[in-house]
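Colleague: Predicted model and sequence below, questions to follow.
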Amino acid sequence: MPTSLPIPDHIALLAAQARQNRLTKPTGSLGMLEDIACRFAAWQQREIPQLPHAAITVFAADHGVTAEGVSAYPSAVTAEMVKNFAAGGAAICVLARQHNARLEVVDVGVASTLPPLGEHVVDAKVMTGTHNLAVQAAMSREQAQDALEAGRAAARRAIDAGATLLIAGDMGIGNTTASAALICHFCALPAATVVGRGTGVDDAGVQLKARVVEAALARLTQDTESLTVLAEVGGLEIAAMAGFYLEGARLGMPSLVDGFIAAAAALVAQALEPDCTLWLMASHRSQETGHLAALAHLGLIPLVDFRLRLGEGSGAALVLPLIASAILLHGEMATFDSAGVSDKA
Ligand SMILES: O=C(O)c1ccc[n+]([C@@H]2O[C@H](COP(=O)([O-])O)[C@@H](O)[C@H]2O)c1
Ligand SMILES: Cc1cc2nc[nH]c2cc1C
C-alpha cells in the first residue's frame, strides 16, 4: 500500500520559473539548465536554490544468472571492484574526490566474504549473491525486502552526513540481465528491445541474454505484485537502490538516477510508490539498449549522452558541474530590471 510522500513545492517552482523569465537572456534560451534550477527550487522550497551537497552510495552484489554466460567478465570482478572502491582506484572514486562528495560502498550481496575494508565499506549482506533468475526466483520476497531496507538505511546515513542530493551507484557482474528483465516487465516491452551488451558481450551474447530474460519473464504476469517481481528477476543491489530512492523521496531529498541499472531500480521504486519519481532526475543516457524506454516510463529526460556504460554512479557524478552551473546562473544572473536591459517587445 503506497504511503503519502512529500511533494515538491509548486509555489517555489512557479516563483523560480518567473525568475528565469526575468533573467537577462531570451526566454527559454538556457534550455534544460532552466528546468534543472526550477526543479531544485521546488525540491528545496525556495525561489533561489542552494548548491547541493552530493553523496554517492555504491551498492554491490552478485548475480546467479552469470552461470548462463551473460557477462563479458567473471563474477569475481564484483568483489575485486569493491576492494578497488575501498582503495580509491575506481572511476567513481576519482569523481567523488573531484566533487568532494561522500562515497560509501554497501555490500548487499557480494558472493564472497570480504575482509574489513574500512569505515566507508558497509557490510549489509543479505545473501551471497542471487540465485540464477533464468531457472528460479533470484531471491525470496523477504530477502528483497531486506535489501530494500539496506538501501533505505544507506540513504538515511547519507542525509545524516549532510547530503542534500543523493546518488546511488551499482556494481554487480550480471546486473544488466536482471535490470533488463525488470525494465521489460514494468514497461511491458519484449526482451529483444531492451537487452544490450552490458560489459561488452557479442551479438550471440545479446541473443542469449534475451532468451534468459524471456524465460524469467514467463514466471510473471502484469498482475504479479511488485515485490514478487523484484524477488523473481531482480538483484540485491537493484533492490537496495530502489529502497535508497524511496527513502530519499520520503525524506524530501532528490536523487540523481545514474544509468541502466539505476533506471531499473527507479522503476521498482515507482511500482512501489508512484510519486517517488517526483524526487528523481536522470543524469545521462546510457549506451545500454532500453535505457531511454525505461526513463520515458519514469517521466525522466536524461541531461547528457556521453556514451557511458559504466555504472558506479559515474554518470550522475559527471553531471554535478552542470547542476552547479544551472543553480549559479539562476541565482546570480542580473534581471532585465536590475541591469537596465530592455525586455522583449
Ligand atoms: O549503468 C549502466 O548503464 C551500465 C551499463 C552496462 C554495464 N554496466 C556495469 O557493468 C556491470 C554489468 O554488466 P554485465 O555485462 O555484467 O551485465 C555492472 O557492474 C554495471 O555497473 C553499467
Ligand atoms: C572492471 C569493471 C568495473 C566496473 N564498474 C562497474 N561495473 C564494472 C564492470 C567491470 C568489468
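Modeller: All right, it came through fine. Ligands and ions are numbered 1, 2, ... in the order given.
Colleague: pLDDT averaged over the strand or helix carrying residue 315 - what is it?
Modeller: Following DSSP states H and E, one finds residue 315 within helix 314-318. Regarding helix 314-318, the rounded mean pLDDT is 98.
Colleague: give me the element residue 59 is part of.
Modeller: Counting by DSSP H and E, residue 59 is found in strand 54-61.
Colleague: can you pull the buried residues of that strand?
Modeller: Within strand 54-61, the residues scored as buried using 16 or more other CB atoms under 10 Å are 54-61. Yep, even glycine has a C-beta here, placed from its N, CA and C like the rest.
Colleague: Between which two of the residues you listed is the distance greatest?
Modeller: 54 and 61 (22.7 Å; CB to CB).
Colleague: Ligand 2 contacts on the stretch 151-300 of the chain?
Modeller: Residues of the stretch 151-300 of the chain found near ligand 2 (CB under 6 Å from any ligand atom) are 171, 199.
Colleague: tell me which element whichever residue of the stretch 51-200 of the chain sits closest to ligand 1 is part of?
Modeller: Nearest residue of the stretch 51-200 of the chain to ligand 1 (CB to the nearest ligand atom) works out as residue 198 at 2.4 Å. Assessed by DSSP H and E, residue 198 sits outside every helix and strand.
Colleague: That one touches residue 72, doesn't it?
Modeller: Yes. With contact defined as CB atoms under 8 Å, residue 198 counts as touching residue 72 (6.9 Å).
Colleague: Settle it for me: which of the two has more neighbours?
Modeller: residue 198 (27 against 14; other CB atoms under 10 Å).
Colleague: From residue 212, how far out is that one?
Modeller: 12 Å (CB to CB, to the nearest Å).
Colleague: Now do the shared contacts for the two.
Modeller: Common contacts of residue 198 and residue 212 (CB atoms under 8 Å, 6 or more residues apart in numbering): 70, 177.
Colleague: Quick check: next helix or strand after the helix holding residue 315?
Modeller: helix 320-332.
Colleague: And that following helix, what does it pack against?
Modeller: helix 10-22, helix 31-44 (3 or more CB pairs under 8 Å, 6 or more residues apart in numbering; DSSP states H and E).
Colleague: Which positions in the shortest one come out as buried?
Modeller: The one in question is helix 10-22. For helix 10-22, using 16+ other CB under 10 Å, the buried residues are 12-13, 15-17, 19-20.
Colleague: Neighbouring strands - and their directions - for the strand holding residue 59?
Modeller: Here strand 54-61 is paired, per DSSP bridges, with strand 102-109 (parallel), strand 165-171 (parallel).
Colleague: ok, the spatially closest residue to residue 137 that is not a sequence neighbour - contacts?
Modeller: Of all residues not flanking residue 137 in the chain, residue 232 sits nearest, at 4.9 Å (CB to CB, 6 or more residues apart in numbering). If you count contacts by CB under 8 Å, 6+ apart, residue 232 has them with 133, 137-138, 216, 219-220, 224.
Colleague: and residue 232, what helix or strand is that in?
Modeller: Per DSSP H and E, the secondary structure element for residue 232 is helix 226-233.
Colleague: Any part of that helix near ligand 1?
Modeller: No. Figure legend: helix 226-233 not in contact with ligand 1 (CB under 6 Å from any ligand atom); closest approach 13.6 Å.
Colleague: Dump the helix or strand following that helix to PDB, keeping only the CA atoms.
Modeller: Once the chain leaves helix 226-233, the next helix or strand it forms, by DSSP H and E, is helix 236-250. In PDB, the C-alpha atoms belonging to helix 236-250 read as follows (Å, rounded to 0.1, in the frame of the first residue of the first chain):
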ATOM      1  CA  LEU A 236      20.100  -7.300  -4.400                       C
ATOM      2  CA  GLU A 237      21.900  -4.100  -5.300                       C
ATOM      3  CA  ILE A 238      18.900  -3.100  -7.600                       C
ATOM      4  CA  ALA A 239      16.600  -3.600  -4.600                       C
ATOM      5  CA  ALA A 240      18.800  -1.600  -2.400                       C
ATOM      6  CA  MET A 241      18.900   1.300  -4.900                       C
ATOM      7  CA  ALA A 242      15.100   1.200  -5.100                       C
ATOM      8  CA  GLY A 243      15.000   1.500  -1.300                       C
ATOM      9  CA  PHE A 244      17.500   4.300  -1.400                       C
ATOM     10  CA  TYR A 245      15.400   6.300  -3.900                       C
ATOM     11  CA  LEU A 246      12.200   5.600  -1.800                       C
ATOM     12  CA  GLU A 247      13.800   6.800   1.400                       C
ATOM     13  CA  GLY A 248      15.200   9.900  -0.300                       C
ATOM     14  CA  ALA A 249      11.700  10.700  -1.500                       C
ATOM     15  CA  ARG A 250      10.200  10.000   1.900                       C
END
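Colleague: Skip ahead from helix 236-250 and say which helix or strand is next.
Modeller: Later in the chain than helix 236-250, the nearest helix or strand by DSSP H and E is strand 255-257.
Colleague: other SSEs contacting that following strand?
Modeller: strand 165-171, helix 236-250, strand 280-282.
Colleague: ok, and what's touching the helix or strand just after the last one?
Modeller: Translated: strand 280-282. Using DSSP H and E, the helix or strand that follows strand 280-282 towards the C-terminus is strand 284-286. With contact meaning CB under 8 Å, 6+ apart, strand 284-286 is reached by 258-260, 263, 291-292, 295, 302-306, 308-309, 315-316, 318-319.
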